[in-house]
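>>> Can you look at this prediction? I've put the sequence above it.
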Amino acid sequence: MIDKLVPSLTAAMAGIEDGATVLVAGFGAGIPDTLLRGLLAQGARDLTLVVNAAASEEGPVSDLMAAGRVRKVVCSFVRAASTATKLHREGRLEIEMVPQGTLAERIRAGGAGIPGFYTPTAADTVLAEGRETRVIGGKLCLLEHAIEADVALVDAWEADRWGNLTHRATARNFNPVMAMAGRLTIVQTRHVVPLGTIPPQHVHTAGVFVDRVLHVPEGEAA
Amino acid sequence: MIDKLVPSLTAAMAGIEDGATVLVAGFGAGIPDTLLRGLLAQGARDLTLVVNAAASEEGPVSDLMAAGRVRKVVCSFVRAASTATKLHREGRLEIEMVPQGTLAERIRAGGAGIPGFYTPTAADTVLAEGRETRVIGGKLCLLEHAIEADVALVDAWEADRWGNLTHRATARNFNPVMAMAGRLTIVQTRHVVPLGTIPPQHVHTAGVFVDRVLHVPEGEAA
Amino acid sequence: MIEARDRLGIARRIAQDIPDGWFVNLGIGMPTAVSDYIPADREVIFHAENGVIGIGPAPAPEDADPYLVNAGVQPITLRTGAALVHHADSFAIARGGHLDLCVLGAFQVAETGDLANWAHGLSEPTKQIGGAMDLAVGAKRVWVAMEHGTRGGEPRLLPRCTYPLTARGVVRRIYTDLAVIDVTDAGFTVIEMVPGLDFDTLQSRTGATLRRG
Amino acid sequence: MIEARDRLGIARRIAQDIPDGWFVNLGIGMPTAVSDYIPADREVIFHAENGVIGIGPAPAPEDADPYLVNAGVQPITLRTGAALVHHADSFAIARGGHLDLCVLGAFQVAETGDLANWAHGLSEPTKQIGGAMDLAVGAKRVWVAMEHGTRGGEPRLLPRCTYPLTARGVVRRIYTDLAVIDVTDAGFTVIEMVPGLDFDTLQSRTGATLRRG
């Protein structure tokens, strides 16, 4: 019988190794904050985080970086005052800036078995310097590579024991594509529902992409 | 006010030009059969059809080919007895064979603004002969180009006046990605529902991809 | 006296030019306010990068749903007819040419339509690429909403951008506190000035040659 | 007497080897029947290229829903817990390495694991690529279900395929009417023969050298 539910945050985070690449979903909403705190407690270091924004001075992504656990962050957005920028200036953090759409597509490509693709995005900018471009259909395009990751940290609204997920409103954002691209996809969910509760045509992230599900009821930090 | 509903099959098919590339959705279910008959009546010729299977001796895709209206078919599947094969032997039809997953991905790429991508699929087969390959991450990959089309013919279960669609069960198949990739996307729908009837989180194909909606109630040929 | 537009005035002016039925993405900052000024008889659908198609009016603070935000992470509502998609599908919309219009803020625009809106320089610590590069190359047309000059009085409309580019040759029209200016093959063409402003004064505040529209 | 397996017998034999919890795609034809023989105490989830995750038992003819078919366009049911996706997402599953197993039919398999299952030759009018090329390179492992030889007595297990390839070096295991054979770095290794069959007889019906497992 397939049962992806895990009993504790410790069990959810078990086995993440030093040097792992970790996808961190969320965009204002849908951030797997409990799992991020679990990662801090779990102890893995030399991490590469792939996350839309490293723009904050506080919160769990900032905490991981401030604790010296992150070697590199791949993101679309940093601020002058953010922890990422501060560490980068001190030479303690590598930052790779990626346009947000390219970031989402590289992650989807990682999940979909597309090792590389061409996009006009950023092809005519400094981000393309020293990189491979080609003209396709009259448009200058930049070669981008898939992002596959050791771990994906994902937030959900509902989950069943097969790992089928729904995401509430705009808490969907990066969650479905990051779930696809993690070799180990760990989910925190507000609600656990019996198999069959989510109608087949309304599943947002299919259980095939999910490895572990942790129940984190609203208002609890697990 | 946005109202994509059209009053007749003739109105639905208006303006399709000779030489057009036409995406034809469906896979056993979800075939836009009424629109295909409309295309036959409409008269455009020298068409390129992109359709999963050209495996039949009858039905609307076969009828279009038999009427001499199709120059080329792009598909993953032909049979010895099919109309496509017969016409191809007579030198009257070009056939481009594409693996089904690559076909779906090329169409999605067309809709998503990805002019090209690399895939291991078919990289080591005769389909790759004379084409560009490269090794990415240790895997031999084949360069594939997006399929953008002048027209997409799409089937739906429900549609509203913005063109938001749901697809019933496996009638979904190619319909959402073909809707994305058509410059003119024409939909036949079993049910027309008031705006707001389809919950935002349950829309399968967003109206932004849809240009015209024709109501074809179950059992009617329009 | 020059009746310069304030930020909301610029947003209001842009809203006038968006026809019924367009599908539009509004950038963070000044552009976001455009949706508040669409005339009631027009149905314009607004997109956000985080997967919203059909943004409605901002909620009262007490009605804000933390699960429902726009690309600026501000609370929003959904319109009747809205749809929600994931981030890759949302950018498939943006990059696939499905947006009729994207309105972006900018630091600089060149007379060739080049857009610079993500950094003042490569050594600058603030790097806010976000979705702008994707939107700029993917939308059918890009309009810019910005102040005509910087607070320090430096011009933002230039022969060439000095800041790192977001995209090359994409801007079609610029709405500033002083004017509405088209980017044409011949360069900047003034199609409207605010009351009290004359062409020579506008030219003096602009870093590139203006043409009369 | 050699107790050769019939087509359903091959499917039944394959089903025994699929562990609890695997996520599996079954090709058209002989492989499709595998799902009927999964032991009741194992939960195995079946995928179809047209966007089904969690295929259930075939319906009674009178209960068939024309909107619900598998990749062979046969009527199916959905299991409790099933999910539906569109065609590109379905192949993202297949190509992205998310299938534990794909069971495919074949015309020929080479001792290097090369698979030929879509055409007898390039001039042949029947070309049934379908999703096999995508599944063959994308699944974590590929097993083949086929007759050991052709109806004309020609071997299907060969040093090299003579038919056009579906994919190179992908087949891990072959289930035939006569044997179960692993494809290893050393070539074909027999891990099981049907009752009444001896190794030399099996070798005589095989086009490449067999090793004893």
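Thanks, I have the structure now. For clarity, every value in this text was computed on a predicted model and none was experimentally measured.
>>> And chain B, is the lengthiest helix in chain A touching that?
Counting by DSSP state H, the longest helix found in chain A is helix A:100-112. Yes. Remark: helix A:100-112 sits within contact range of chain B at A:105, A:109, A:112, by C-beta under 8 Å from any C-beta of the partner chain. Backbone N, C-alpha and C define where each C-beta goes, glycine included.
>>> Quick one: these as TSV, columns for distance to residue A:46 too.
Rendered in TSV, the data for the residues of helix A:100-112 next to chain B read as follows (distance: C-beta to C-beta, whole Å):
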residue	distance to residue A:46
A:105	27
A:109	25
A:112	28
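>>> circling back to that earlier point, which positions within the longest helix of chain A qualify as buried?
Across helix A:100-112, burial judged by 16 or more other C-beta atoms under 10 Å in any protein chain shown covers A:100-112.
>>> how about the CA coordinates for it, as PDB?
Output of helix A:100-112 as PDB, limited to C-alpha atoms (Å, rounded to 0.1, in the frame of the first residue of the first chain):
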ATOM      1  CA  GLN A 100      11.400  34.500 -13.300                       C
ATOM      2  CA  GLY A 101       9.800  32.900 -16.400                       C
ATOM      3  CA  THR A 102      13.100  31.200 -17.400                       C
ATOM      4  CA  LEU A 103      13.400  30.000 -13.800                       C
ATOM      5  CA  ALA A 104       9.900  28.500 -13.900                       C
ATOM      6  CA  GLU A 105      10.500  26.900 -17.300                       C
ATOM      7  CA  ARG A 106      14.000  25.500 -16.300                       C
ATOM      8  CA  ILE A 107      12.400  23.800 -13.400                       C
ATOM      9  CA  ARG A 108       9.500  22.500 -15.400                       C
ATOM     10  CA  ALA A 109      12.100  21.300 -18.000                       C
ATOM     11  CA  GLY A 110      13.900  19.500 -15.200                       C
ATOM     12  CA  GLY A 111      10.700  17.700 -14.200                       C
ATOM     13  CA  ALA A 112       9.700  17.000 -17.800                       C
END
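>>> right, and the helix or strand after it?
strand A:116-119 (DSSP states H and E).
>>> For the residue of chain C positioned farthest from its centre, give its distance to residue C:75.
In chain C, the greatest distance from the average C-alpha position (C-alpha atoms, centre = their mean) is reached by residue C:62, at 28.9 Å. Between residue C:62 and residue C:75 the computed distance is 10 Å (C-beta to C-beta, to the nearest Å).
>>> And for residue C:31?
Residue C:31 sits at a distance of 18 Å from residue C:75 (criterion: C-beta to C-beta).
>>> can you list contacts of stretch C:35-46?
Outside of stretch C:35-46, the residues within contact range by C-beta atoms under 8 Å, 6 or more residues apart in numbering or on different chains are B:1-2, B:162, B:207-208, C:11-12, C:14-16, C:18-26, C:52-55, C:57, C:79, C:81.
>>> cool, stretch C:188-201 as well?
Residues lying outside stretch C:188-201 but in contact with it, judged by C-beta under 8 Å, 6+ apart, are C:1-5, C:111, C:157, C:174, C:177-183, C:202, C:206, C:208-213.
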